[in-house]
Each structure stands twice: as C-alpha cells, then as structure tokens.
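>>> Show me the folded form of this:
(2 chains)
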Protein chains: 2
Amino acid sequence: MAAASNDLDCFVNPSSVAVVGASKDESSVGHALLRNLLFGGAGPRERKAGFGGPVHAVNAKGGDVLGQAAFTSLAAIGEKVDLVVAAIPPRFIPGLVDEAAAVGARGMIVISAGFGEMGDEGRKLQDDMVARAKAHGIRLIGPNCLGVLRPATALNASFSAKAAPRGRIGLLSQSGALVTGLLSYAERERFGFSAAVSLGGKADVDDEEMLRFLADDPETRAIAIYLEAFPEPRKVYEVLREVAAKKPVVAIKGGATDAGAKAASSHTGSLAGSHAAYSAAFAQAGVLQARTSSELAGWARALSSQPIAHGNRIAIITNAGGPGVLAADACGREGLALAELSADTKSALDKVLPAVWSHNNPIDVIGDATPERFEHALRIVGAAPEVDGVVLLLTVQAMTDPLATARAVERVHAEPTWTKPLVASLVGLVGTDVGSYLDERGIPELNMPEQAVNAMAALVRRGRWVARKPVDAPAMAKLPAPDLDKARRAAKEAQAAGQKNLDLGRARAVLEAAGIRYNRGGTAADEGEAVKLAESIGYPVVVKAVSADVVHKSDVGAVVLDVVGEDGVRAACAKIRQRVAQHVPHARIEGFTVDEQVKGTEIIVGTFRDPGFGPLVMVGLGGIFVEVYKDVSWRLVPLDRLDALEMIGDLQAQPLLNGARKRPVLDRAELAEVILRISNLVDAVPEIVEIDLNPLVITKSGLVAIDARVIVG
Amino acid sequence: MAAASNDLDCFVNPSSVAVVGASKDESSVGHALLRNLLFGGAGPRERKAGFGGPVHAVNAKGGDVLGQAAFTSLAAIGEKVDLVVAAIPPRFIPGLVDEAAAVGARGMIVISAGFGEMGDEGRKLQDDMVARAKAHGIRLIGPNCLGVLRPATALNASFSAKAAPRGRIGLLSQSGALVTGLLSYAERERFGFSAAVSLGGKADVDDEEMLRFLADDPETRAIAIYLEAFPEPRKVYEVLREVAAKKPVVAIKGGATDAGAKAASSHTGSLAGSHAAYSAAFAQAGVLQARTSSELAGWARALSSQPIAHGNRIAIITNAGGPGVLAADACGREGLALAELSADTKSALDKVLPAVWSHNNPIDVIGDATPERFEHALRIVGAAPEVDGVVLLLTVQAMTDPLATARAVERVHAEPTWTKPLVASLVGLVGTDVGSYLDERGIPELNMPEQAVNAMAALVRRGRWVARKPVDAPAMAKLPAPDLDKARRAAKEAQAAGQKNLDLGRARAVLEAAGIRYNRGGTAADEGEAVKLAESIGYPVVVKAVSADVVHKSDVGAVVLDVVGEDGVRAACAKIRQRVAQHVPHARIEGFTVDEQVKGTEIIVGTFRDPGFGPLVMVGLGGIFVEVYKDVSWRLVPLDRLDALEMIGDLQAQPLLNGARKRPVLDRAELAEVILRISNLVDAVPEIVEIDLNPLVITKSGLVAIDARVIVG
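Here you go, the predicted structure:
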C-alpha cells in the first residue's frame, strides 16, 4: 500500500502499536484491544491474522496478558512506539500523552470515556490532553471511541468483536456499535472495508480530516458514513463537496424522522440537525443519502467495486420470469429505465438463446440456462450501445450450475472490452461460496433481485452526478437588474426603524432591489387616483383599503378582487368604504392600493438560516401544496445555477410547471435566476433572517411576486 | 399433522408417490423429481431426509434410476399409487390419467409443459386431460408447474434444487422460480414453510382452491402469495376475503410498475391486471401488499410466528445507540409510534439497568449489556401496558455474549405472562447459529434493525385489520333519499336516446335519483326568468348561455362567475349575448342556466369497470391534485361503510379535509355515504360504465356536486 500522504497514516499503517491498559480480564476493553491487535479479532488465536508489526501490552501492574509479559509503562518497552491505544481511566490520559511523546509516538487512540461528554471536569481533562498532544505533535483519535480497523495492514485497533473483511469501502460512523454491526453484516454477505473508523468525541481528529484522508486513500474506492449530527455541519459540507468530487460517498443520517431524531438526541446529547438541511447538503455535495443500513451497504458495495453508469437504461438478464418481473418493478421505483433492445442486439441474442427466450428486456434466458448461455447473453448485452448497466439474476433451479455460471459471468466481466456496471443477485445465495465467488471478483452479489437493482441505482445516480456540467447564465431581460447594495440599505433602514417583520412596502423595496419582479401596483389617495392607477396598470386589478385601523383586511371585506373598468374601481372603493364603516366604525381610510391581478400556478421561494448550516433556500409549489404535499426542495446558500435547476426538477408537480390544464409554462431558467438572486441576497445581507416569496406566480410573461415576507434580526 | 379436510390432501400427505418419467439423466426434470422425493433435495442422498412413504420410479424403458429399478408403467408397480408426478411429453398425459385411475391415484402433478399455453393443439390436450381426470375423480395440479413441497411430510414433489425448510408459511407463487429463490433465501435466513406451491397452468386446481386449503391447513399460520395476474381476479378476491378473515395473508404483485408490468406480460402471456385494482382488492380483503420479496418474506415470518399487535406503540430494546436510532427512524417511516414509557416502567427499569441507560425509548441497555440485563428489561417492557410490541436489537460488541442473550430473550418469551409480539435483529447475525436460535423458537430474527421494524409493522397492520368493526349508518337528513329504480330508468332513457356520454341534465337526473346533492340551479328562458331564478337560489350565482351552437362556453366568454344582485344578473346576460354574438355570429341563445356558485375544497368520486375485477370506486382530492399528486384511493364495489371511511383516510390531503386555512371541514360520514351511493348505483345499474363526480365541493352545509360525467354502454 502506498503510504497515505498525511498525518493520519500513523493510525492505519503504524510501525508499532502499544495497548495501554491491556488486561487479563477477558470481559475488559483492554483485553479485547490487545487480542484484536494480536489476532485480528475474537476468532482463533493466530498471530499471523493479527497486525504485522510489533504489538506491546502495557499495564501499570505488569503481569502476563494473552501470553505476553506486560510492560509497566511505555518507557519500559525500550523502543519507539508509533501508535498508542489507551484504555485507562481518563485522569491518567494527559500524563500518558507525555509518555507517548517520549517514546516517539505519532498517534494515540483514546478508547476511554469520561471526557468532554462528562461535564466541566471531563472537559478540563480533554483540554489538557489536547494541549499536550498539540505541543508534542501527536495526533489523537477519540476519546470515547471504538477505534480504527484497517484490513490492509491487518490492524484492528478497536474493541470490535469482529475483524473487518478487506475491501474498498471506507466507513466512518458516528456510532461505534454500527461499525460492529456492519462488520457482522459484511462477514455474512461477504463484502469488505478499506477502513472502519469511529471517531468518538473528536477532540483532535475530526470528521473533516478523516474524510479528506479517505478521499486520498488509495485503498478506498467509496466512502460510507453514518451520522446523527455533525458538530460543525457547514464545515463538513464543504469537505464533503471536495471529497465527493473525487470518490463516491454514501451517507445515512440517523434521526431523519421525528421518532428517530428523538432517539438520536437522547443518545448523543447533541441535537440532531434538521433533516431538510442535511438532505440539502447531501444532494448539493453529491453525497447519496441512503434510507436504511442495508441500502447504505448495498450502495457502498456497488460504488466500491463497479464503474458508474453513463445513463439509466438497464438490461436485466435472468433465468426466471418472476425474479425478472420483480427486478423490473424495482427499476420503475428507482427511476431506472428498462433498456429498449435494438434489432441488432435481439438478433445477436436469437443466435445464442433458445427460440422461447423473452425477446425483450428482461432478457429471460429460460430456466434450463447453461453457464454458456448466460455468458453469451452477457457478452452481447455488454456490447449493446443501448444499455448503460446490467443486472444479472440467477435463480437456482434443478438444472442450474450456479458456480459454473458465476465463473462464466466473471469471464465476460474480466474481458478488456467489458466497460459497463454489473450487479448480480444469485437469488438467496448471498454469502455462500457461489455468491462470494462474484463478490471476490469485484461483482457485487446481493441477496434478492430488488436489492441488486437498488445497488445499480446508486451507480446510475453517481454517474449522473459525475456528468453534471455547469449551466451558463441566460439573458434575463424581463427581470430588473439586481442592486444588492440598495437591498442591503433598505433592509438596514427597516431594521433601524425597529421593524423585524418588514411591512409590505419595505419588503417589496428590498426584493425589487434584489432583482425580483413584482406585480404592478401602487397607492391612491382617493377614488379618482385609484381609477387612474388602475387604467395605467390594466385590468383586472385588486383594490384594497389602506388603513392603519384595519388589521385583517380580508376579514372585513376591505379587499376586492376581479375589479374591471372605471365603474368597477369606483364600485369597489365604495364597497370597501361601506364594509369598513360597518365592521370598524371609527376606522380612517387613508386611501386604496390598486394592484395588477395575477393568476396562475403559485410557487414559493424562501430562505431560512439553519443554526448549523447557515442560510438555506427552498423552492416549492405554493399555497396549499406546500402544506399538504410538502412538495419542496432545499439547498444550501450559496448554490450554482445547476443546483437551482435541479431543485426545480426535484418537485413532484412537474406537470403543473409544464403547463398542465393550459396553465402558463414555467421558464425554468427564470425561476433558477430568482432562486439565485434570493440566495445572493441572503448571502450578501446577513441581517436578513428569513424570506418568503409567496406566492410567486407563473404568468405568460414570466414570474411575478405578489406577496412576500422579509424578516430581519 | 391432522389430515386436511379436503381434496387437496393427496398433494401434501399422499400414502405413496410415483414419478412417471424418472430418468437417469442427471440434468433432466424427471431425475430431479425422483431425487427430491427420495432424498428431499439436491443435498446428501439420505433416504431418511426424503418422503416417508413408498416412492416409485416409472420409465417406459425401465432401467435403474438412483438405485431403484424403474417400473415400465404405473400398472407394473402392482399396488395402489396415491399421487402421480408426471414429467413426460404432453401427448402421453391424457393416457396417463387413465392409468393413474387404474392404480387408485387421488392426485396428479403434471410438471410437463406444452398444454394450454401452446395454442390450439395444446389446449385440446389439456381439455382431454381434464375431462378424463374429472371422470375418474382425480385432482390435477399443473400443467407446466414446479410442483409441491410439504416439509411436514418431507414431501418434495417438485424439481426445486432445494428442500423447503419446515415452518408455518404457506407459499403460493405464480412463478416457480420465485419459489426456488425464496427457498434458498429461507435456507440462508433460516425460516420455513408449511407448504410451497406453484400451480402452473391451473387446468384443475386453481388459486381459489389452494388458498382455501391453506386457510384450513393446521400447519399454515400465514399465507404468502406471489402473483402477476389472477385469471379470475374477482373470484380470487372473494376467496381472499374469506381466507384473510381466518389467517394473515401477504402478497406481492409482480408488474406493479409500468416497467414491471411490461416484463410480466411478455413473460406470462397474460396481461398484468391494473395495479390500482389489485391494490384495492388487497386493501379491501385485508391482504398486506409487500413491495419487495424480502419485505414479503419478513412479513410472512413475523405473521407466521408472532401474535398480532393490538396497537402501534413499539418499544425498542437495544445495546447500542446507532442501531436504536435507525430502528426509531424506521418506526417513523412505517407509521409506528415509539411507546412513551410510563413512570412505573422507567422506575422498574432504573432498578435493573445501569444509571446511564437512555431513560427513554429506544431503551439503550448500554454496550456492556449482559444477558441478564436484556432479560430484565424485556420482562419489564413485556408487562408495560403502554407498549404494544417489542423490537429487540443486539449488536455484538466486545463484551456481548450473543447466544446467552438469545437464550435469555427466549426465556422471557416463553413465560406464560408474555403476550406481546416480539421481533429481533441480532445485527448482521441472521442465519448464524445465534440468529437461528431465536428463529427456531418462534422469534423472527432479521438481519438489520430496519428490517425488524418493517416486520413488526406487519403485525401492527394485521392487528388493525383484525380489530376492524363495522360502522353504523348515520342519519343523512341533508342528502336526498336515493331511488335506484328512478336512476336506472334515467340511465336507460339516455341510452335509448343514443347517448353514451350523458348530457349535463341527464347526468344530473341519474345522480340526483341516486341520492347525490347538486348545487341549486335551473334554466331560464330570458333575463327576467334568470333574475327570478337567481333570487330563489341566493347569490353569488354562475350564469351560462344555453345554446346548441356554442360548444366550448368558457372559451367564448359565455360563462360569468361571481354574479351578485338583479343588476349583476342582467349585466351577465347582456355580456354573454354580446360575447357570443362576437365569437359565434349566428348562434341562437335559447336561454341561460343559473347555478348556485359553490366554493371550497374539491373532491372527486368516480367509478370504473375493470375487466377482471368489475366495478371499482375511487375517491380523491379534486382538480389538479388528482393529476399531479395522484392522491386517490380505490376499492372494489360493493364495499361497506368502513371501507369507504378507510378510503377517505388513505388520502394524503388530510389537513385539507380537516379544514386547513379556514376551509369547511369535511363530514366524513357524509362522504362515505356518497361513496356508497355511487357504488350502489353502479352495482344496481350495469349499464353505467363510468361516473365522475368532479368536482364535489366541501361546503359548510355539506357536499355539493357541481359537475359530473356519466357514461353508459
């Protein structure tokens, strides 16, 4: 293995290791640590399965542990110790840092708990420990962590009961137990890891640094993350963007539902960050967010072993109808398309398959399929330009030779002409010799057909991400030019005037300065002016009372819609005067607002400041759609034009945006521009806490804001 | 095993079996059949693992097969043969039926293909075969099928490579390959079946009969079905209703997505029925519809081994935070609630758990949990009245003793006071000795935490179904009394008049006769009558032109909304005259319709006749909601009041129905009554092909139909 080019190398490739707190007591962590370093795990005690370099036991009381004489201190070892793994009471740890420095250690893994998470006393100890480590140039992982597993060097510097099978997945988990759970799962399903790390209290080495290490680590092809909340989410997001540009990253966020969030917060003591913000961050950084732990594992397996798909057209090769149908259903659910086989492909298949083959995709090679038949079909489909990825299903029937079939599949897969992603399910055989035959050769083999398709979907999504190209800014003549300085001044003036929730006029001033187009309108002192204003705007218009005495205008009938013509304006004004007089007897009417009446599909664009991530921007269908169907999409600010277009594409209500029922069609470039302008505004004016452009109406001539809320603070 | 009380007993508990077509050729079906009967499967050749009764080989050429001398015919056996399994060319099958009768056979499994699915020739053979079997009183399974597996009698009368592990799941699969796939899966995950059957061409024994058999079968506790399409869906639905009243039934429908349906139709030659109709049938029959094969298996495992849950309040016991959080998230997704632990439960737990336990649900018994700690916690939670079901998670950490923990869990589970459903995940250990220790004792152990929760959700849903109680009809004074005879006459008159899509007046006549309330309105010959009509209705009203010459009234401005007052009505009529004259110069205006203008949340209620299931009824949110969010729910006609209420409950848009944004609140009893009336109408008047009440508006005074389409044919 090439040495990793940074500080964390000592944690995965140390020249020697010492366990401080190594104990005879088999139920102790110190015992498990030494056992794992010596023998790799809880299995048979063979030194050759353990870490290849020197492993020392240190116990203040000396004695014999697992057949080794324990040294009473690090110094007593009498030679350089590269990595120290500590499982002793916290009060001894700061002193141990000095001792580690004295024997030349580069790194220390602090397994012990009782630091930052245990109040002032613990925090003091932690600060002391970190200060000493910094002074000596020693890097720390922990405290309160499971440790580090690195199969490439047979290093199990953790108290996990299991060794990590070797593979290409770099696992970073906020839960140490989930690491051990996934190791058990991997052992059963036969996949593996380049590294498995639980950082615990992150007193020194943090998520950001470990992610950067995995991104540069030649052993790691895909990164899998379990998190409940990042301590500094914005910083992690920035790092994830960099990392996901280099390697595929999949993540599962515990606490994604209300129930889970409650569980997470009672468990970690830290508040699980808002689900929407995390999902936005993942989408924007190119991190694939899994819903379940088995999905996380399936995605990571595929991404760590197979090339990405350059499209979503999938071919299913199967020796049985039912599993093929279930895989096709799964394609539908995952947004994958069944490749339409070309005439060339079909005629090539005709030559190698029995006449009764399905003549369609799924390609049913029939129950009595020989290994050769699978091999031929796979080779043809691999060469078909209309296919972006292949899912191969083998159901063991009476006449099936699964191992020979697996070998045939591997033959084709190993040919230099083979370029497509391939995922298999040997239905029900995962983890058996046959299933693992494929896994060991880099073809992920999942248990059931739907899981294979689900894993393929990750390769398609990753492919889509990698192929993303920036979008140029279109000419936006219909929108006013933004003037952020002016917007900032308007916001500050409002703030100076003591406003938190800006009144309509001020909100409008801020947003118009930011380049948002409003419906036309104005304020008239009396009926005559209202008519003139209405004539200049064009009908229909909306007429409202201007009165400091009337709070809820609609409730008292001080709003009239669909007003047409001079008579109409006069009648509306008269109606308003009459109704206000009736409901609020002494109210003074200062005049009327007259506004262009705009009808069409209503959009909402809003922003929000997350305590962890900073400003976020949202787009969604307006009105009742937001409330009932939660049809919205979020991203972090700043974002680029392509992000904004993808947000629009996230919405379910595509038919409405595309002009269903003769509605005006959305100009997506224009909405993306509005999203960017609102984002630029909150980015440039930190005084703005929240914005809601609601509704923003899709009209024939473009997007028009009708109402908005701007909150400063 | 108690003998099953019907005809199909010979297929699961025969006194003797003969394989006709038993062959030396190891790659032949006939060879696999004999091997499976003699030795149970493709594993070691031990007669004691095979069927307990006599097993005969028959081959026209005689010879020696698998160490047995083959008889040249059934007659040559010289004794009674109870069950004949046939794998010979189809042309010999009808004759074989006679031979089977001569040796006293009660049943025959026809594995051979080449009958009804192969055109006229095959269909003739099949008719001949069935006619002879009927004449002799012999029952047939097949043709073109995998066969039957019955672990209780060690009967593997199939060509599956695997024996079925014994359990309590009765599996009926339209795909033989999926049976073999699920058997492999079961072997890996260690669960089992009471029977596994693939009926193939269903020339005699059909889905209905096999389902009734499984419903009465004392070996079977839960039924799992894979289907693509039922040949007679309505009949199967009726049987599923009966069966699901006795035992839990889970089903997966292949071809549920467009992609899958295409695959299914190319595979079976039969058109996969409409997804909505199947989903409606399952919901209404109490069948739980799974999305994936592993979900199907997980649900069947839980339902075949555990009691139902009497509520959705789940307790999670875990020795690790992360897996507990993921399980809690899964509860949120599955509609399960995390039980709120009572003060009593917490204080009982305080006594047996270390001080740092989570003090909340998930109940984190901490990483160093001993078997005793799990045992105590489980016993306390099992007795807690606020808990309806328990999910137990064990992550193997350094100090964990998984087998001893499994034993402790089993101890509590076996206590007579234990009554709640219990599902476990020993994260990553499924299929190992420890995992299967629980499975063998009736506690399903699933691989990852989310899968355990998913299985628990099936027990909750089944519990909800079992607890269903009929709902009484409320007084419905605000709706007109239905007169179905009158409605029938109106529909027939329209049909006689040559109408297919009824005009508004006729549609209204039919629906009003069926007891649907319309907005008030009528037709006026001129302006004067229009005013009188409007005054009698109350304002605002909608005025429209009546003119045979104007097809699209809205397009030419012949519809005026929001009309108020006498002047308003006159102005509206004048405007209509002027606009029509302008757009359709020679159009004759025969008068005006004047209708109560009704505003509010729009509902749609509709019916449709599915070719397989017959009439279905739908309810959904009206207008754009139907098109964009597909927020609708379907049931088969007839349905009961509770079904109708559940349909309303299926909709996502509950906040709208509950009066969000000051909208009128839906009277659910009234909407259920409308759904029933529409259903009764299409049930009583077969001439009606399709109805759309759209929109049906929720007003303060109840539901008012504004427009409707009635199609007869």
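>>> Okay, and whichever residue of the stretch 451-600 of chain A sits closest to chain B sits in which element?
Proximity of the stretch 451-600 of chain A to chain B (CB to the nearest CB) peaks at A:D562, 6.7 Å away. Quick note: C-beta positions are derived from backbone N, CA and C, even for glycine. Assessed by DSSP states H and E, A:D562 sits inside strand A:559-563.
>>> pLDDT score for A:S701?
If you check A:S701, the pLDDT there is 87.
>>> ok, how many other residues are close to the closest residue to it other than its chain neighbours?
Excluding its sequence neighbours, the residue lying closest to A:S701 (CB to CB, 6 or more residues apart in numbering or on different chains) is A:K478, at 6.9 Å. Each residue near A:K478 was counted by other CB atoms under 10 Å in any protein chain shown, and the total is 12.
>>> can you check A:E26 too?
Using other CB under 10 Å, A:E26 has 11 neighbouring residues.
>>> thinking again about what came up before, which elements pack onto the helix or strand following the strand holding A:D562?
Next along the chain after strand A:559-563, taking DSSP H and E as the criterion, comes helix A:565-583. Where contact means 3 or more CB pairs under 8 Å, 6 or more residues apart in numbering or on different chains; DSSP states H and E, helix A:565-583 is packed against helix A:527-537, strand A:541-546, strand A:559-563, strand A:591-596.
>>> Which positions within helix A:565-583 qualify as buried?
Of all the residues in helix A:565-583, those buried under the rule 16 or more other CB atoms under 10 Å in any protein chain shown are A:G568, A:V569, A:R570, A:A572, A:C573, A:I576, A:R577, A:R579, A:V580.
>>> Same question for stretch A:598-610.
Buried residues in stretch A:598-610 (16+ other CB under 10 Å): A:V598, A:G600, A:T601, A:E602, A:I603, A:I604, A:V605, A:G606, A:T607, A:F608, A:R609, A:D610.
>>> Stretch A:252-262 too?
In terms of neighbour count (16+ other CB under 10 Å), stretch A:252-262 has its buried residues at A:I252, A:K253, A:G254, A:G255, A:A256, A:T257, A:A259, A:G260, A:A261, A:K262.
>>> Format these as TSV; extra columns: secondary structure, distance to B:V29 and pLDDT.
Listed next are those as TSV, based on DSSP: H, G, I helix; E, B strand; the rest coil; distance: CB to CB, whole Å; pLDDT from 0 to 100:
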residue	secondary structure	distance to B:V29	pLDDT
A:I252	strand	45	97
A:K253	strand	50	95
A:G254	coil	50	93
A:G255	coil	53	88
A:A256	coil	49	76
A:T257	coil	49	72
A:A259	helix	51	68
A:G260	helix	50	70
A:A261	helix	55	70
A:K262	helix	56	66
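>>> Include distance to chain B when you put those into JSON lines, please.
Shown next, in JSON lines, are these (distance: CB to the nearest CB, whole Å):
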{"residue": "A:I252", "distance to chain B": "7"}
{"residue": "A:K253", "distance to chain B": "9"}
{"residue": "A:G254", "distance to chain B": "4"}
{"residue": "A:G255", "distance to chain B": "6"}
{"residue": "A:A256", "distance to chain B": "5"}
{"residue": "A:T257", "distance to chain B": "3"}
{"residue": "A:A259", "distance to chain B": "4"}
{"residue": "A:G260", "distance to chain B": "3"}
{"residue": "A:A261", "distance to chain B": "8"}
{"residue": "A:K262", "distance to chain B": "7"}
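>>> Can you tell me which of those residues is nearest A:A320?
A:A320 has its nearest neighbour among these in A:I252, at 31.9 Å by CB to CB.
>>> before we move on, the earlier item: with pLDDT added, can I get the buried residues of helix A:565-583 in JSON lines?
Formatted as JSON lines, those follow (pLDDT from 0 to 100):
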{"residue": "A:G568", "pLDDT": "91"}
{"residue": "A:V569", "pLDDT": "95"}
{"residue": "A:R570", "pLDDT": "95"}
{"residue": "A:A572", "pLDDT": "93"}
{"residue": "A:C573", "pLDDT": "95"}
{"residue": "A:I576", "pLDDT": "93"}
{"residue": "A:R577", "pLDDT": "93"}
{"residue": "A:R579", "pLDDT": "90"}
{"residue": "A:V580", "pLDDT": "91"}
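>>> for stretch A:301-321, which positions count as buried?
A:301-306, A:308-321.
>>> What ranges in the stretch 301-450 of chain A fall below the confidence cut-off?
Along the stretch 301-450 of chain A, the model assigns pLDDT under 70 to no residue.
>>> and if we set it to 90?
Along the stretch 301-450 of chain A, segments meeting pLDDT under 90 span A:367-368, A:396-400, A:428-436.
>>> Which parts of it are strands?
Shown for the stretch 301-450 of chain A, the strands assigned by DSSP state E, counting those that start in this stretch span residues A:313-318, A:337-338, A:363-364, A:389-393, A:422-425.
>>> Then the stretch 601-713 of chain A?
Using DSSP E, counting those that start in this stretch, the strands found in the stretch 601-713 of chain A span residues A:602-610, A:614-621, A:632-636, A:688-699, A:702-705, A:708-712.
>>> tell me the angle the last one makes with strand A:602-610.
Between strand A:708-712 and strand A:602-610, the angle comes out at 10 degrees (axes from the mean of the first three to the mean of the last three CA atoms, to 10 degrees).
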